[in-house]
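K.L.:
below is the sequence, then the predicted model.
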Amino acid sequence: MADNDRGDSEGRVVSLRGATLKRDLGRPADGDGLKKYQQSGEPDDYRQRMITNGIALAFLIFLIGAGIWIADTMASMRKNQDCVLSGRRGCTPVEAPPSRRW
């Protein structure tokens, strides 16, 4: 009983003398791992590549714009909330059309 109590409080030591490390599991043995990334004999489709790049650029611009809009909305909401919580009145501007007098 005393050995189990002592072992739980100190932890266990595992011997790794017989274990071998395999570092190059994903690398082929013959050394031609980069041949699959070399260009083939067929020409590149530059038009399709430019269309894809344009779509990716438009998507990134949309994401950046949405992020800026969300940050601006959060900042204005925080400003209005701080104003209300401080006890002031008239914190949020009320937009009303200009009145016409005849």
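P.N.:
Here it is on my side, so go on.

K.L.:
shaky segments in this protein?
P.N.:
Residues of the chain that meet the criterion pLDDT under 70 lie in 1-9, 18-33, 102.

K.L.:
tell me where it has helices.
P.N.:
2-10, 46-85 (DSSP state H).

K.L.:
closest to Leu34 out of those?
P.N.:
Between Leu34 and these, the tightest spacing by C-beta to C-beta is seen for helix 46-85, at 21.6 Å. C-beta here means a position set from N, CA and C on the backbone, and glycine is covered the same way.

K.L.:
ok, back up a step: nearest to Ala96, of the helices of the chain?
P.N.:
Distances from Ala96 to each of the helices of the chain were compared using C-beta to C-beta; the minimum, 18.0 Å, belongs to helix 46-85.

K.L.:
center of the chain, which residue is that?
P.N.:
For the chain, the residue sitting closest to the mean C-alpha position, by C-alpha atoms, centre = their mean, is Leu63 at 12.0 Å.

K.L.:
can you report phi and psi for Ser15?
P.N.:
As for Ser15, its main-chain torsions (degrees, to the nearest 10) stand at phi -80, psi 130.

K.L.:
okay, it and Ala66: tell me how far apart.
P.N.:
With distances taken as C-beta to C-beta, to the nearest Å, Ser15 is found 55 Å from Ala66.
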